[in-house]
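> Kindly generate the corresponding structure for this input.
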Amino acid sequence: MSSLRARKPHWIRAQFPSGMRYGEIKRLLREETLHTVCEEARCPNIGECFNRGTATFMILGDICTRACGFCAVTSGRPSPIDWTEPQRLAEAVERLNLAYVVITSVNRDDAADGGAQIFASCIELIRRRRPETAVEVLIPDFLGDRDALETVLSADPTVLNHNVETVRRLYPTVRYQARYERSLELLQRASEWTPRIPTKTGFMLGLGEERDEVSELLRDLRGANVELLTVGQYLRPSQKHLPVRRYAPPEEFDSIREEALSLGFRHVESGPMVRSSYHADEQARAARLVNVELHA
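Residues are numbered from 1 along each chain as shown. Below you'll find the model as predicted:
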């Protein structure tokens, strides 16, 4: 039996997506022609997050120029960049009265700056409409383009997030169009250039990593001055994606969290259902980065 169809352990449970708030956010996204990674990546927490009045917006379209083996987002040739998207996103944030927003994107290796200016415009327009809103960005690697990273940082996001996703050895299989060293360099540069903006990253268990490789990854991330960390279980989106090698038990996530905190991470969310932007506002608040209340 495949890992996709095999019975998941009892600790892998998600809320069924339903409810009034869920429907309200879905309607607004359609009206404004906006996308969320919650939908495109088939996040198991979509029902809970939408009903809390939170969402992770995915900009730069819904077609990714890469084809990572774990990701449910469609890959192919994307449409031209829509320069009106930041305005529509800012209007949606205002209409939803959000106190904390996460913005991520597909990879746009076809664009000269990887879409960095769109990220910056989103931050700036949201702040113009709702100055009190905290804005976390979850960015791609921009193919290592330093100017693109500087463009995003110059817009002064609350948190700069870039996911490493897995351990060094598995990059050729899991993220064959990315480079482990490039992701670490991005996180370290961001920390060095703008120390006031905390850096964050996340990775998954269940892709075939060994425990000592996870420890190596944690040390590398702290060496790059990463402050916030998320660790979750990989769940296979379809038969076309990489199989789940194993379901890590909750106590393993607890062990990783304790190890990470001992290395000096400011805050760690580690559990089977944790995702990079899951309860991102609470993570930032727990790390004493922001003082916000949700308006669900």
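
> Where does the prediction get shaky in the stretch 1-150 of the chain?
Along the stretch 1-150 of the chain, the parts satisfying pLDDT under 70 run over 1-6, 13-55.

> residue ranges of the helices in it, please?
20-31, 37-40, 46-51, 85-96, 116-129, 146-154 (DSSP state H, counting those that start in this stretch).

> Flag every buried residue along the fourth one.
The neighbour-count criterion (16 or more other CB atoms under 10 Å) identifies 85-86, 88-93, 96 as the buried residues of helix 85-96. (C-beta placed from N, C-alpha, C; glycine too.)

> Is it possible to get JSON lines of the residues you listed that adds distance to Ser238?
Shown next, in JSON lines, are those (distance: CB to CB, whole Å):
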{"residue": "Glu85", "distance to Ser238": "27"}
{"residue": "Pro86", "distance to Ser238": "31"}
{"residue": "Arg88", "distance to Ser238": "30"}
{"residue": "Leu89", "distance to Ser238": "28"}
{"residue": "Ala90", "distance to Ser238": "33"}
{"residue": "Glu91", "distance to Ser238": "33"}
{"residue": "Ala92", "distance to Ser238": "29"}
{"residue": "Val93", "distance to Ser238": "31"}
{"residue": "Leu96", "distance to Ser238": "30"}
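
> Among these, find me the one that's closest to Asp110.
Glu85 (15.9 Å; CB to CB).

> Compute the number of surrounding residues for the nearest residue to the closest one once chain neighbours are set aside.
Sequence neighbours aside, Ile59 is the residue nearest to Glu85 in space, at 5.8 Å (criterion: CB to CB, 6 or more residues apart in numbering). Applying other CB atoms under 10 Å, we find 25 residues neighbouring Ile59.

> now swap in His10 and tell me
6.

> same question, Phe253
22.

> and the gap between the nearest residue to it once chain neighbours are set aside and Ser215?
Counting by CB to CB, 6+ apart, Phe253 lies nearest to Ser270, which is 4.3 Å off, once chain neighbours are set aside. Distance from Ser270 to Ser215, counting by CB to CB, to the nearest Å: 14 Å.

> Could you do Gln177 as well?
26 Å.

> that older thread, if I read this right, the residue nearest to Glu85 contacts Ile123, doesn't it?
No: checked against CB atoms under 8 Å, the pair Ile59 and Ile123 is beyond contact range at 10.8 Å.

> list residues touching both of those two?
Ile103 (CB atoms under 8 Å, 6 or more residues apart in numbering).

> Check the nearest residue to Arg211 once chain neighbours are set aside and give its pLDDT.
Of all residues not flanking Arg211 in the chain, Glu252 sits nearest, at 7.9 Å (CB to CB, 6+ apart). We have a pLDDT of 98 for Glu252.

> Can you tell me the SS state at Glu252?
Glu252 falls in the helix class when you classify it by DSSP: H, G, I helix; E, B strand; the rest coil.
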